[in-house]
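>>> Predicted model follows, preceded by the sequence.
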Amino acid sequence: MQTTTGSTAAAAVAAALLAGCSHPPPPKPPAPPPQVAVVAVHKSSVPVFADLPGRTSPYLVAEVRARVDGIVQKRLFAEGADVRAGQPLYRIDPAQYEAQLNSALAAERKAEANLAATRAQADRYKDLLAANAVSKQASDNAVAAAGQAAADVASAKAAVALARLNLGYTQVAAPIAGRTSTSLVTQGAYVQAGQATLLTTIQQLDPIYVDLTEASAAGLRLRAGSLADPARQPKVTLTLEDGSAYPLPGRLEFSGTSVDQGTGSVKLRAIFANPKGLLLPGMYVRARVEQGKDDALLVPAKAVAHDPQGRPTVLVVDAAGKVGQRVLQASTLQDGAWVVTAGLNDGERVIVAGLQQAKPGMTVRAVDATSGVALASNQP
(Lines give C-alpha, C1' and ligand atoms only; values in the text may rest on other atoms or scores of the structure.)
Protein backbone atom coordinates (compact mmCIF):
# COMPACT_ATOMS: atom_id res chain seq x y z
CA MET A 1 0.00 0.00 0.00
CA GLN A 2 2.90 2.29 0.77
CA THR A 3 4.57 1.41 -2.55
CA THR A 4 1.49 2.46 -4.53
CA THR A 5 1.28 5.75 -2.70
CA GLY A 6 4.92 6.53 -3.38
CA SER A 7 4.58 5.81 -7.11
CA THR A 8 1.66 8.17 -7.37
CA ALA A 9 3.54 10.94 -5.68
CA ALA A 10 6.53 10.50 -7.98
CA ALA A 11 4.34 10.68 -11.04
CA ALA A 12 2.75 13.89 -9.79
CA VAL A 13 6.17 15.45 -9.19
CA ALA A 14 7.33 14.47 -12.73
CA ALA A 15 4.21 15.96 -14.30
CA ALA A 16 4.74 19.18 -12.40
CA LEU A 17 8.32 19.40 -13.60
CA LEU A 18 7.29 18.84 -17.21
CA ALA A 19 4.55 21.47 -17.00
CA GLY A 20 6.99 24.00 -15.69
CA CYS A 21 9.35 23.44 -18.61
CA SER A 22 6.66 23.87 -21.45
CA HIS A 23 6.02 27.25 -23.30
CA PRO A 24 2.66 28.60 -24.68
CA PRO A 25 2.33 28.52 -28.56
CA PRO A 26 3.16 31.81 -30.30
CA PRO A 27 0.09 33.91 -31.44
CA LYS A 28 -0.95 33.57 -35.11
CA PRO A 29 -0.15 36.56 -37.36
CA PRO A 30 -3.23 38.61 -38.41
CA ALA A 31 -4.73 37.64 -41.79
CA PRO A 32 -3.97 40.12 -44.58
CA PRO A 33 -6.94 42.20 -45.77
CA PRO A 34 -8.75 40.70 -48.77
CA GLN A 35 -7.80 42.02 -52.18
CA VAL A 36 -10.40 43.60 -54.46
CA ALA A 37 -10.21 45.18 -57.91
CA VAL A 38 -11.57 48.69 -58.28
CA VAL A 39 -12.09 51.28 -60.99
CA ALA A 40 -12.35 55.03 -60.48
CA VAL A 41 -15.45 56.54 -62.06
CA HIS A 42 -15.52 60.05 -63.48
CA LYS A 43 -18.30 62.24 -64.83
CA SER A 44 -18.52 62.70 -68.57
CA SER A 45 -21.01 63.70 -71.23
CA VAL A 46 -22.90 60.46 -71.74
CA PRO A 47 -25.51 59.86 -74.47
CA VAL A 48 -28.91 59.13 -72.95
CA PHE A 49 -31.11 56.53 -74.64
CA ALA A 50 -34.69 55.39 -74.27
CA ASP A 51 -35.79 51.83 -75.03
CA LEU A 52 -39.24 51.95 -76.60
CA PRO A 53 -41.64 49.30 -77.93
CA GLY A 54 -42.87 49.61 -81.49
CA ARG A 55 -44.18 47.95 -84.62
CA THR A 56 -43.09 48.18 -88.22
CA SER A 57 -45.32 49.64 -90.91
CA PRO A 58 -44.83 49.98 -94.69
CA TYR A 59 -43.36 53.14 -96.16
CA LEU A 60 -46.05 53.24 -98.89
CA VAL A 61 -49.28 51.27 -99.28
CA ALA A 62 -51.34 51.15 -102.48
CA GLU A 63 -54.65 49.35 -102.92
CA VAL A 64 -54.94 48.25 -106.53
CA ARG A 65 -58.58 48.61 -107.62
CA ALA A 66 -60.52 48.22 -110.85
CA ARG A 67 -61.19 51.48 -112.74
CA VAL A 68 -63.36 49.96 -115.49
CA ASP A 69 -65.98 47.22 -115.60
CA GLY A 70 -65.12 43.91 -117.19
CA ILE A 71 -63.93 40.32 -116.99
CA VAL A 72 -60.39 39.65 -115.70
CA GLN A 73 -58.59 37.81 -118.52
CA LYS A 74 -55.28 37.18 -116.79
CA ARG A 75 -53.21 37.86 -113.69
CA LEU A 76 -49.73 38.98 -114.73
CA PHE A 77 -47.74 38.78 -111.46
CA ALA A 78 -46.75 36.24 -108.82
CA GLU A 79 -48.35 36.73 -105.43
CA GLY A 80 -45.87 38.00 -102.84
CA ALA A 81 -43.39 39.09 -105.53
CA ASP A 82 -41.69 42.46 -105.79
CA VAL A 83 -43.02 44.60 -108.64
CA ARG A 84 -41.86 47.88 -110.12
CA ALA A 85 -44.00 50.97 -110.60
CA GLY A 86 -45.98 50.73 -113.87
CA GLN A 87 -45.62 46.95 -114.17
CA PRO A 88 -48.81 45.28 -115.54
CA LEU A 89 -50.66 43.26 -112.90
CA TYR A 90 -54.01 42.31 -114.51
CA ARG A 91 -55.58 42.39 -117.94
CA ILE A 92 -59.32 43.09 -118.18
CA ASP A 93 -61.18 42.17 -121.39
CA PRO A 94 -60.53 45.22 -123.64
CA ALA A 95 -62.96 44.42 -126.51
CA GLN A 96 -65.73 46.75 -125.32
CA TYR A 97 -63.32 49.63 -124.78
CA GLU A 98 -61.59 49.13 -128.12
CA ALA A 99 -64.99 49.44 -129.79
CA GLN A 100 -65.75 52.60 -127.80
CA LEU A 101 -62.42 54.09 -128.86
CA ASN A 102 -63.08 53.28 -132.53
CA SER A 103 -66.52 54.89 -132.30
CA ALA A 104 -65.05 57.99 -130.68
CA LEU A 105 -62.39 58.22 -133.39
CA ALA A 106 -65.05 57.99 -136.10
CA ALA A 107 -67.10 60.72 -134.42
CA GLU A 108 -63.98 62.86 -134.24
CA ARG A 109 -63.30 62.47 -137.97
CA LYS A 110 -66.93 63.30 -138.76
CA ALA A 111 -66.75 66.45 -136.60
CA GLU A 112 -63.50 67.52 -138.25
CA ALA A 113 -65.05 67.06 -141.73
CA ASN A 114 -68.08 69.11 -140.72
CA LEU A 115 -65.77 71.81 -139.32
CA ALA A 116 -63.90 72.06 -142.61
CA ALA A 117 -67.18 72.45 -144.55
CA THR A 118 -68.66 75.08 -142.26
CA ARG A 119 -65.44 77.11 -142.20
CA ALA A 120 -65.32 77.10 -145.99
CA GLN A 121 -68.94 78.25 -146.17
CA ALA A 122 -68.27 81.00 -143.59
CA ASP A 123 -65.32 82.22 -145.69
CA ARG A 124 -67.45 82.29 -148.87
CA TYR A 125 -70.27 84.18 -147.14
CA LYS A 126 -67.75 86.68 -145.91
CA ASP A 127 -66.69 87.46 -149.49
CA LEU A 128 -70.31 87.54 -150.70
CA LEU A 129 -71.26 89.87 -147.88
CA ALA A 130 -68.57 92.31 -149.01
CA ALA A 131 -70.18 92.29 -152.49
CA ASN A 132 -73.71 92.59 -150.97
CA ALA A 133 -74.57 89.20 -152.55
CA VAL A 134 -75.87 87.73 -149.24
CA SER A 135 -77.48 89.19 -146.19
CA LYS A 136 -75.64 89.96 -143.01
CA GLN A 137 -77.80 87.41 -141.18
CA ALA A 138 -76.79 84.61 -143.56
CA SER A 139 -73.11 85.44 -143.07
CA ASP A 140 -73.54 85.48 -139.29
CA ASN A 141 -75.28 82.11 -139.40
CA ALA A 142 -72.41 80.63 -141.38
CA VAL A 143 -69.84 81.94 -138.87
CA ALA A 144 -71.90 80.55 -135.97
CA ALA A 145 -72.16 77.15 -137.68
CA ALA A 146 -68.37 77.08 -138.06
CA GLY A 147 -67.95 77.86 -134.35
CA GLN A 148 -70.35 75.09 -133.37
CA ALA A 149 -68.52 72.67 -135.63
CA ALA A 150 -65.24 73.60 -133.87
CA ALA A 151 -66.87 72.87 -130.50
CA ASP A 152 -68.07 69.52 -131.84
CA VAL A 153 -64.51 68.67 -132.79
CA ALA A 154 -63.25 69.54 -129.28
CA SER A 155 -65.99 67.39 -127.74
CA ALA A 156 -65.13 64.51 -130.06
CA LYS A 157 -61.45 64.81 -129.12
CA ALA A 158 -62.37 64.65 -125.41
CA ALA A 159 -64.48 61.55 -126.07
CA VAL A 160 -61.51 59.96 -127.84
CA ALA A 161 -59.24 60.80 -124.90
CA LEU A 162 -61.72 59.28 -122.45
CA ALA A 163 -62.15 56.15 -124.55
CA ARG A 164 -58.39 55.77 -124.85
CA LEU A 165 -58.05 56.26 -121.08
CA ASN A 166 -60.65 53.58 -120.33
CA LEU A 167 -58.94 51.23 -122.75
CA GLY A 168 -55.68 51.84 -120.90
CA TYR A 169 -57.38 50.98 -117.60
CA THR A 170 -58.01 47.46 -118.90
CA GLN A 171 -54.28 46.94 -118.33
CA VAL A 172 -54.05 47.33 -114.54
CA ALA A 173 -50.55 48.54 -113.60
CA ALA A 174 -48.75 48.83 -110.26
CA PRO A 175 -49.02 52.41 -108.96
CA ILE A 176 -45.89 52.03 -106.78
CA ALA A 177 -42.90 49.73 -106.49
CA GLY A 178 -43.17 47.20 -103.69
CA ARG A 179 -44.27 43.73 -102.66
CA THR A 180 -47.65 42.36 -103.64
CA SER A 181 -50.07 40.58 -101.34
CA THR A 182 -52.43 37.81 -102.35
CA SER A 183 -54.68 38.40 -105.36
CA LEU A 184 -58.31 38.92 -104.36
CA VAL A 185 -59.68 38.10 -107.84
CA THR A 186 -59.00 35.27 -110.25
CA GLN A 187 -59.15 34.86 -114.00
CA GLY A 188 -62.77 35.12 -115.12
CA ALA A 189 -63.89 37.33 -112.24
CA TYR A 190 -66.11 40.31 -113.05
CA VAL A 191 -64.83 43.58 -111.61
CA GLN A 192 -66.59 46.93 -111.42
CA ALA A 193 -65.33 50.49 -111.38
CA GLY A 194 -68.42 51.71 -109.53
CA GLN A 195 -67.70 49.44 -106.58
CA ALA A 196 -63.93 49.95 -106.92
CA THR A 197 -63.25 46.22 -106.72
CA LEU A 198 -60.06 45.60 -104.72
CA LEU A 199 -57.67 43.43 -106.71
CA THR A 200 -54.53 43.30 -104.54
CA THR A 201 -52.37 45.46 -102.27
CA ILE A 202 -48.78 46.61 -102.76
CA GLN A 203 -46.54 47.65 -99.87
CA GLN A 204 -43.19 49.38 -100.21
CA LEU A 205 -40.86 47.85 -97.60
CA ASP A 206 -37.58 49.59 -98.35
CA PRO A 207 -37.36 51.88 -96.49
CA ILE A 208 -39.77 50.91 -93.73
CA TYR A 209 -41.32 52.81 -90.83
CA VAL A 210 -41.16 51.86 -87.15
CA ASP A 211 -43.94 53.40 -85.06
CA LEU A 212 -42.98 53.81 -81.40
CA THR A 213 -44.78 54.73 -78.18
CA GLU A 214 -43.19 56.79 -75.42
CA ALA A 215 -44.57 58.14 -72.15
CA SER A 216 -45.14 61.87 -72.45
CA ALA A 217 -43.03 62.59 -69.35
CA ALA A 218 -40.07 60.69 -70.79
CA GLY A 219 -40.58 62.44 -74.11
CA LEU A 220 -39.76 65.78 -72.49
CA ARG A 221 -36.08 64.81 -72.48
CA LEU A 222 -36.22 63.98 -76.18
CA ARG A 223 -37.90 67.24 -77.11
CA ALA A 224 -35.46 69.22 -74.97
CA GLY A 225 -32.46 67.26 -76.24
CA SER A 226 -32.20 65.63 -79.65
CA LEU A 227 -35.27 67.25 -81.21
CA ALA A 228 -34.38 70.73 -79.94
CA ASP A 229 -31.84 71.03 -82.77
CA PRO A 230 -33.67 70.67 -86.11
CA ALA A 231 -30.40 69.96 -87.92
CA ARG A 232 -29.72 66.94 -85.73
CA GLN A 233 -31.26 63.59 -86.55
CA PRO A 234 -31.46 61.35 -83.44
CA LYS A 235 -30.10 57.87 -84.14
CA VAL A 236 -32.26 54.82 -83.57
CA THR A 237 -31.25 51.15 -83.31
CA LEU A 238 -33.53 48.13 -83.35
CA THR A 239 -33.74 44.85 -81.46
CA LEU A 240 -35.84 42.20 -83.22
CA GLU A 241 -38.38 39.79 -81.76
CA ASP A 242 -35.78 37.05 -81.28
CA GLY A 243 -33.45 39.37 -79.37
CA SER A 244 -31.01 39.89 -82.24
CA ALA A 245 -29.86 43.36 -83.25
CA TYR A 246 -30.95 44.77 -86.60
CA PRO A 247 -27.71 45.58 -88.44
CA LEU A 248 -28.68 48.95 -89.95
CA PRO A 249 -29.26 52.12 -87.92
CA GLY A 250 -32.30 54.32 -88.49
CA ARG A 251 -33.27 57.89 -87.81
CA LEU A 252 -36.16 59.54 -86.05
CA GLU A 253 -38.59 61.13 -88.49
CA PHE A 254 -40.89 63.00 -86.12
CA SER A 255 -42.39 63.11 -82.64
CA GLY A 256 -46.15 63.26 -82.19
CA THR A 257 -47.78 66.64 -81.68
CA SER A 258 -50.35 65.50 -79.10
CA VAL A 259 -50.57 63.22 -76.08
CA ASP A 260 -53.03 60.33 -75.99
CA GLN A 261 -55.27 61.19 -73.03
CA GLY A 262 -56.09 57.54 -72.40
CA THR A 263 -52.53 56.24 -72.21
CA GLY A 264 -50.50 59.40 -71.58
CA SER A 265 -48.16 58.48 -74.41
CA VAL A 266 -46.75 60.15 -77.51
CA LYS A 267 -46.25 58.55 -80.91
CA LEU A 268 -42.82 58.58 -82.53
CA ARG A 269 -41.89 57.40 -86.02
CA ALA A 270 -38.47 56.22 -87.17
CA ILE A 271 -37.36 55.13 -90.62
CA PHE A 272 -34.97 52.28 -91.49
CA ALA A 273 -33.39 51.02 -94.67
CA ASN A 274 -34.60 47.48 -95.40
CA PRO A 275 -32.70 46.29 -98.49
CA LYS A 276 -32.95 42.57 -97.69
CA GLY A 277 -36.61 42.66 -96.63
CA LEU A 278 -35.79 41.42 -93.12
CA LEU A 279 -38.36 43.76 -91.58
CA LEU A 280 -41.98 43.01 -92.45
CA PRO A 281 -45.05 45.13 -91.61
CA GLY A 282 -46.54 44.41 -88.20
CA MET A 283 -43.38 43.04 -86.57
CA TYR A 284 -42.89 43.82 -82.87
CA VAL A 285 -39.51 45.43 -82.19
CA ARG A 286 -37.73 47.41 -79.49
CA ALA A 287 -36.02 50.62 -80.49
CA ARG A 288 -33.29 52.50 -78.68
CA VAL A 289 -33.63 56.24 -79.32
CA GLU A 290 -30.90 58.72 -78.52
CA GLN A 291 -32.44 61.44 -76.34
CA GLY A 292 -29.49 63.76 -75.91
CA LYS A 293 -26.51 63.89 -73.54
CA ASP A 294 -26.21 64.11 -69.78
CA ASP A 295 -23.38 64.58 -67.26
CA ALA A 296 -23.27 61.16 -65.63
CA LEU A 297 -21.01 58.37 -64.40
CA LEU A 298 -20.64 55.08 -66.25
CA VAL A 299 -20.47 52.21 -63.75
CA PRO A 300 -19.68 48.67 -65.01
CA ALA A 301 -22.73 46.47 -64.76
CA LYS A 302 -20.79 43.72 -62.92
CA ALA A 303 -20.20 46.14 -60.03
CA VAL A 304 -23.90 46.83 -59.47
CA ALA A 305 -26.02 44.75 -57.10
CA HIS A 306 -29.52 45.32 -55.70
CA ASP A 307 -30.60 45.65 -52.09
CA PRO A 308 -33.75 44.02 -50.64
CA GLN A 309 -35.78 47.03 -51.77
CA GLY A 310 -34.58 46.50 -55.35
CA ARG A 311 -32.43 49.62 -55.43
CA PRO A 312 -29.15 49.45 -57.36
CA THR A 313 -26.08 49.59 -55.09
CA VAL A 314 -22.29 49.46 -55.39
CA LEU A 315 -19.41 48.97 -52.94
CA VAL A 316 -16.72 51.64 -52.88
CA VAL A 317 -13.27 51.82 -51.30
CA ASP A 318 -12.10 55.05 -49.69
CA ALA A 319 -8.52 56.31 -49.36
CA ALA A 320 -8.04 54.34 -46.09
CA GLY A 321 -9.08 51.09 -47.75
CA LYS A 322 -12.44 50.94 -45.96
CA VAL A 323 -15.47 49.60 -47.83
CA GLY A 324 -18.68 51.61 -48.07
CA GLN A 325 -21.99 51.10 -49.83
CA ARG A 326 -23.73 53.57 -52.15
CA VAL A 327 -27.34 53.55 -53.38
CA LEU A 328 -27.49 54.71 -56.99
CA GLN A 329 -29.88 56.48 -59.28
CA ALA A 330 -29.23 54.60 -62.51
CA SER A 331 -31.27 55.46 -65.59
CA THR A 332 -30.30 53.04 -68.34
CA LEU A 333 -27.88 50.26 -69.18
CA GLN A 334 -25.75 50.83 -72.27
CA ASP A 335 -22.69 49.02 -73.59
CA GLY A 336 -22.30 46.97 -70.40
CA ALA A 337 -22.39 49.96 -68.00
CA TRP A 338 -25.09 51.70 -65.98
CA VAL A 339 -25.61 55.43 -66.52
CA VAL A 340 -25.57 56.78 -62.94
CA THR A 341 -26.93 60.27 -62.36
CA ALA A 342 -26.79 60.35 -58.54
CA GLY A 343 -25.46 58.38 -55.57
CA LEU A 344 -21.76 58.43 -56.48
CA ASN A 345 -19.16 61.16 -56.37
CA ASP A 346 -16.74 61.89 -59.14
CA GLY A 347 -13.49 59.95 -58.65
CA GLU A 348 -14.83 57.34 -56.20
CA ARG A 349 -13.38 53.85 -56.53
CA VAL A 350 -15.96 51.15 -57.22
CA ILE A 351 -15.30 47.47 -56.54
CA VAL A 352 -15.67 45.43 -59.74
CA ALA A 353 -14.03 42.13 -58.63
CA GLY A 354 -13.84 40.43 -55.22
CA LEU A 355 -17.31 41.53 -54.20
CA GLN A 356 -17.88 38.27 -52.31
CA GLN A 357 -15.01 39.08 -49.93
CA ALA A 358 -15.93 42.70 -49.30
CA LYS A 359 -18.52 43.92 -46.81
CA PRO A 360 -19.40 47.48 -45.80
CA GLY A 361 -17.16 48.66 -42.97
CA MET A 362 -14.29 46.21 -43.49
CA THR A 363 -10.79 47.08 -44.71
CA VAL A 364 -9.53 45.73 -48.03
CA ARG A 365 -6.49 45.97 -50.27
CA ALA A 366 -7.52 47.79 -53.46
CA VAL A 367 -5.96 46.94 -56.82
CA ASP A 368 -6.56 48.92 -59.99
CA ALA A 369 -8.70 46.69 -62.23
CA THR A 370 -7.14 48.06 -65.43
CA SER A 371 -3.46 47.81 -64.48
CA GLY A 372 -3.39 45.31 -61.61
CA VAL A 373 -1.27 47.73 -59.53
CA ALA A 374 -2.04 47.99 -55.82
CA LEU A 375 -3.39 51.40 -54.85
CA ALA A 376 -1.88 53.35 -51.98
CA SER A 377 -4.00 53.90 -48.90
CA ASN A 378 -3.76 56.01 -45.81
CA GLN A 379 -3.74 53.01 -43.47
CA PRO A 380 -1.18 53.22 -40.70
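Great, that's in hand. Numbering: from 1, shown residues only.
>>> Mind naming the longest helix for the protein?
Identified as the longest helix of the chain according to DSSP state H is helix 95-130.
>>> And stretch 124-142, what's buried?
Y125, L129, V134, S139, A142 (16 or more other Cβ atoms under 10 Å). Where you see a C-beta, it was placed from the backbone N, CA and C, and this is true even at glycine.
>>> likewise stretch 152-167?
Residues of stretch 152-167 classed as buried by neighbour count (16+ other Cβ under 10 Å): D152, V153, A156, K157, A159, V160, A163, N166, L167.
>>> The last one is in contact with L101, isn't it?
Yes - using Cβ atoms under 8 Å, L167 is in contact with L101, at 5.3 Å.
>>> K74 - that's part of a helix, no?
No - secondary structure assignment (DSSP: H, G, I helix; E, B strand; the rest coil) places K74 in strand, not in a helix.
>>> from the middle of its chain, how far away would the longest strand anywhere in the chain be?
Using DSSP state E, we find that the single longest strand of the chain is strand 43-65. Here strand 43-65 is found 2 Å from its chain centre; the criterion is Cα atoms, centre = their mean, to the nearest Å.
>>> which SSE is G86 in?
For G86, there is no host helix or strand (DSSP states H and E).
>>> Run through the residues that contact it.
Taking Cβ atoms under 8 Å, 6 or more residues apart in numbering, we find G86 in contact with A173, A174.
>>> What backbone torsions are found at it?
phi 90, psi 0 (degrees, to the nearest 10).
>>> Report the distance from the helix or strand encompassing S139 to the chain centre.
In the assignment (DSSP H and E), S139 maps to helix 136-169. The chain centroid and the centroid of helix 136-169 are separated by 57 Å, computed with Cα atoms, centre = their mean.
>>> which regions of this protein lie under the pLDDT threshold?
1-30, 215-233, 255-264, 292, 331, 371-380 (pLDDT under 70).
>>> Please repeat the previous calculation with a cut-off of 90.
1-53, 121-136, 138-142, 193-196, 212-236, 241-243, 251-269, 277, 288-380 (pLDDT under 90).
>>> quick one: the helices in it?
Counting by DSSP H, the chain has helices at residues 2-21, 95-130, 136-169, 216-224.
>>> right, and those - which one's nearest T180?
T180 lies closest, by Cβ to Cβ, to one member of the helices of the chain: helix 136-169, at 18.8 Å.
>>> Quick check: R75 touching L184?
No - checked against Cβ under 8 Å, the pair R75 and L184 is beyond contact range at 10.6 Å.
>>> between the buried residues of stretch 152-167, which is closest to T239?
For the buried residues of stretch 152-167, the closest approach to T239 (Cβ to Cβ) belongs to N166, at 50.6 Å.
>>> Quick check: the closest one vs R109, distance?
Going from N166 to R109 by Cβ to Cβ, to the nearest Å gives 20 Å.
>>> any idea of the angle the helix holding S139 forms with helix 95-130?
160 degrees (axes from the mean of the first three to the mean of the last three Cα atoms, to 10 degrees).
>>> measure Q195 to V68 for me?
When Q195 is compared with V68 (using Cβ to Cβ), they lie 12 Å apart.
>>> Please say which of the two ends up with more neighbours.
The neighbour count for Q195 versus V68, taken as other Cβ atoms under 10 Å, is higher for V68 (19 against 10).
>>> Fine by me, thanks again.
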